[in-house]
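Student: Curious how this folds, go ahead:
(one chain, ligands or ions: 2)
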Amino acid sequence: MATLKTKVAVIGAGSAGMRAYREITKTTDDVLLIEDGPYGTTCARVGCMPSKLLIAAAEAAYAGNHTAPMGVTYAAPQIDGAAVMARVRSERDRFVGFVEETVEGWPEQHRIRSRASFLSDTTLALSDGRRVEAETIIIATGSRPNILPFFENFGDRLIVNDDVFSWDTLPSSVAVFGAGVIGLELGQALHRLGVRVSLFGRDNLVGPLSDPEVLAQANRIFTAEFDFHSHADVTGHRRTDTGVAVDLNGETLEYEYALIATGRRPNVDKLGLENTSLKLDARGVPVFDLYTGQCGDAPIFIAGDANNIIPLLHEAADEGATAGYNAAHWPDIRRFTKSAPISVMFSDPQIMMVGETHRALTERGADFAVGSLDWADQGRARVMGVNKGLLRVYGEYNTGRFLGAEMIGPRAEHLAHLLAWSLQSRLTVDEMLERPFYHPVIEEGLRTALRILNANLQMGAMPPPRCIDCGPGA
Ligand SMILES: Cc1cc2nc3c(=O)[nH]c(=O)nc-3n(C[C@H](O)[C@H](O)[C@H](O)COP(=O)(O)OP(=O)(O)OC[C@H]3O[C@@H](n4cnc5c(N)ncnc54)[C@H](O)[C@@H]3O)c2cc1C
Ligand SMILES: NC(=O)c1ccc[n+]([C@@H]2O[C@H](COP(=O)([O-])OP(=O)(O)OC[C@H]3O[C@@H](n4cnc5c(N)ncnc54)[C@H](O)[C@@H]3O)[C@@H](O)[C@H]2O)c1
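Tutor: Ligands and ions are numbered 1, 2, ... in the order given. As a prediction, the model looks like this:
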């Protein structure tokens, strides 16, 4: 049996593994990148990019619905499902192509197409029968949809996000399970593209939100738009001759497919971790250090969705860089700082979270105040007819430090960046308010929320209602 020897072995050529590889090759050429699936990454192939392409088509279909109050109306959009999916797939393939080109441009002797599992802390078995002996190993194996056995009776009509992006055309109806990020992004987009969608959530959760007031607004907004149940008491479901059936409130509802989006699980369960010295947490994920990526004292590092901490693209890339640096420099490892927490959900209105969540602040008993802004009356949002949602910003008593924010509302993806950059710069609310705000812009709504927060922290005056010198509708 052939045994390959290397300084660093990386399991998984996704976003985390590729970033790790790039970091490793700054120090050593002695590396093996092991991948058993297709190159191209989850993000480009079945995640971030195709979902945003589908959402872009949905936004185009929906755009005309906002304009009647402005005196402009359009005929109902003609949605060509085959053309929608053709663009989603071809643009997606273009993005995937760039990733493939990058990986395939790396030296062939660095790349192995096989499935890896641990035989010990420093030895891997490959599914092609070979072995790899490495001084250090990086686990960058990503995650997959978590399908509860409960859903298996949907049979071949059970689909996950990957399946949506291989459709040739749009289906007529879909029952979506899970009001998390994937369920809401895809469910709302399909609804706007003319697919009959019901979304069945649990525990009144909406995406990643934790602030009860923002959650309540989000619930109202989505319930008003489509058949959205943030807590559905589904009493039964099954495959039928023609599709799937769902029992809800004494009624049986029928759909073509059941899309399961009830969370993802890290790909660590079939890795032979029982053959290593690693301690595992309750979900079977190795206990590791967030700032070095190292698992216990072993020469093993973990990065990306596999570690089950923050399953987002930029986090996977940052963690890949940390793991790559440390695996290449082992045993001299260094600690890396984490960037400010930021997440964006591309629903309409968008949802964003920055810094500590309302739940985290409450659970740790933080001494914090809140500033709120309802987007209904915000000037620029009204001008554009996107005046829906709520922003809540959190600050610390006595230090005046900005701590975090949750929001559903217009241009949340951009406000999230302003707030995350402020948080990372350790600004106080006062310092944030010293920054310029143009007029009339959505950011003036953020300024109002920050002013209210500062007043609630007893560190500034409450802004007057309808503050004219701030610009009308600020
Ligand atoms: C529908 C959807 C939408 C998303 N949208 C966003 C978004 O808008 N913004 C955002 O920030 N994030 C988004 N994400 C999350 C983002 O895609 C992930 O956080 C990111 O792709 C994780 O990268 P990774 O490297 O950890 O995993 P992956 O890219 O999945 O890479 C893991 C690789 O490991 C390989 N592998 C697994 N086990 C083995 C083994 N034993 N041997 C060899 N190879 C193995 C797999 O084949 C895979 O190629 C989305 C995810 C989904 C599903
Ligand atoms: N815009 C983005 O950045 C983006 C987009 C998509 C995915 N992602 C990443 O992918 C991760 C996984 O997304 P996800 O949506 O699968 O998970 P999620 O954790 O966001 O949501 C899962 C939801 O399913 C619900 N649920 C669980 N069991 C259920 C049941 N039996 N019936 C109905 N609902 C049930 C949960 O309460 C939760 O609200 C996200 O946490 C995120 O990190 C990010």
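Student: Every contact and neighbour count from this point should use C-alpha atoms.
Tutor: OK.
Student: Grab the most central residue of this protein for me.
Tutor: L312 (4.9 Å; CA atoms, centre = their mean).
Student: I'd like to know how far it sits from D305.
Tutor: L312 is 7 Å from D305, where distance means CA to CA, to the nearest Å.
Student: so what's in contact with these two at the same time?
Tutor: Here L312 and D305 have no joint contacts, going by CA atoms under 8 Å, 6 or more residues apart in numbering.
Student: Relative to the whole chain's centre, how far out is whichever helix in the chain runs longest?
Tutor: Counting by DSSP state H, the longest helix found in the chain is helix 81-104. Computed by CA atoms, centre = their mean, to the nearest Å, the chain-centroid distance of helix 81-104 equals 20 Å.
Student: can you list contacts of it?
Tutor: Residues contacting helix 81-104 (CA under 8 Å, 6+ apart): 18, 39-41, 44-45, 49-50, 53-54, 57, 165-170, 193.
Student: hmm, back to that, could I get the pLDDT score of the residue nearest to the centre of the chain?
Tutor: According to the prediction, L312 has pLDDT 98.
Student: And for R466?
Tutor: Predicted confidence (pLDDT) for R466: 70.
Student: which residues are in contact with stretch 457-464?
Tutor: 368-369, 395-398, 400, 430, 448, 451-452, 454-456.
Student: at 7 Å what do you get?
Tutor: Identification of contacts with stretch 457-464 by CA atoms under 7 Å, 6 or more residues apart in numbering yields 369, 397, 400, 451-452, 454-455.
Student: What of stretch 361-374?
Tutor: By CA under 7 Å, 6+ apart, stretch 361-374 touches 389-397, 445, 448-450, 452-453, 456-457.
Student: do stretch 220-231 and ligand 2 meet?
Tutor: No - counting by CA under 6 Å from any ligand atom, ligand 2 has no neighbours in stretch 220-231; the shortest distance is 7.7 Å.
Student: Quick check: which ranges of the stretch 301-450 of the chain have low pLDDT?
Tutor: By pLDDT under 70, the stretch 301-450 of the chain has no low-scoring segment.
Student: Next to ligand 1, which bits of it? Give me the list.
Tutor: Within the stretch 301-450 of the chain, the positions adjacent to ligand 1 are 304-306, 311-314, 316 by CA under 6 Å from any ligand atom.
Student: among those, which two are most distant?
Tutor: A306 and H314 (14.1 Å; CA to CA).
Student: Who has more neighbours out of those two?
Tutor: A306 (24 against 16; other CA atoms under 10 Å).
Student: Could you export the residues of the stretch 301-450 of the chain next to ligand 1 as CSV, including secondary structure and distance to ligand 2?
Tutor: CSV is the format used below for those (DSSP: H, G, I helix; E, B strand; the rest coil; distance: CA to the nearest ligand atom, whole Å):
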residue, secondary structure, distance to ligand 2
G304, helix, 11
D305, helix, 8
A306, helix, 12
P311, coil, 4
L312, coil, 5
L313, helix, 8
H314, helix, 9
A316, helix, 10
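Student: Give me the contacts around whatever helix or strand comes next after the longest helix of the chain.
Tutor: For helix 81-104, the following helix or strand on the C-terminal side (DSSP states H and E) is strand 111-113. Residues outside strand 111-113 that contact it (CA under 7 Å, 6+ apart): 32-36.
Student: Please identify the helix or strand for N219.
Tutor: helix 212-225.
Student: Not counting its own residues, what contacts the following helix or strand past that helix?
Tutor: Helices and strands here follow DSSP H and E; after helix 212-225, the next one along the chain is strand 227-229. For strand 227-229, contacts defined as CA under 7 Å, 6+ apart pick out 197-201, 222.
Student: go again using 10 Å as the cut-off
Tutor: 175-179, 184, 187-188, 191, 196-206, 219-223 (CA atoms under 10 Å, 6 or more residues apart in numbering).
Student: For N267, which residues are in contact?
Tutor: 139-145, 284-285, 305-308.
Student: repeat that with 8 Å
Tutor: Residues near N267 by CA under 8 Å, 6+ apart: 141-144, 306.
Student: Skipping adjacent residues, who's closest to it in space?
Tutor: Computed as CA to CA, 6 or more residues apart in numbering, the closest residue to N267 that is not its neighbour in sequence is S143, at 4.9 Å.
Student: how about that neighbour, phi and psi?
Tutor: Backbone torsions of S143, given as degrees, to the nearest 10, read phi -140, psi 170.
Student: Number the residues from 56 up from this point.
Tutor: Taking 56 as the first residue, the last one we looked at is S198.
Student: can you pull up the bridge partners for it?
Tutor: With DSSP bridges as the criterion, S198 is bridged to P321.
Student: who's in contact with it?
Tutor: With CA under 8 Å, 6+ apart, S198 has these contacts: 319-322, 360-361.
Student: if we go to 6 Å?
Tutor: Counting by CA atoms under 6 Å, 6 or more residues apart in numbering, S198 makes contact with 320-322, 360-361.
Student: that older thread, for the residue nearest to the centre of the chain, list the residues it contacts.
Tutor: With CA under 6 Å, 6+ apart, L367 has no contacts at all.
Student: From P404, how far off is it?
Tutor: Going from L367 to P404 by CA to CA gives 20 Å.
Student: A460 now?
Tutor: The gap separating A460 from P404 is 16 Å, by CA to CA.
Student: of the contacts of stretch 512-519, list those near ligand 2.
Tutor: Among the contacts of stretch 512-519, ligand 2 is touched by none when using CA under 6 Å from any ligand atom.
Student: which of the residues you listed tops the neighbour count?
Tutor: N509 (29 neighbours).
Student: Dump the contacts of strand 166-168 into TSV; add pLDDT as well.
Tutor: Listed next are these as TSV, based on pLDDT from 0 to 100:
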residue	pLDDT
L87	98
L88	98
I89	98
E90	98
D91	97
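Student: can you tell me which of the residues you listed are in strands?
Tutor: 87-90 (DSSP state E).
Student: which among these gets closest to ligand 1?
Tutor: E90 (3.7 Å; CA to the nearest ligand atom).
Student: Pairing partners for the closest one in the sheet, please.
Tutor: R168.
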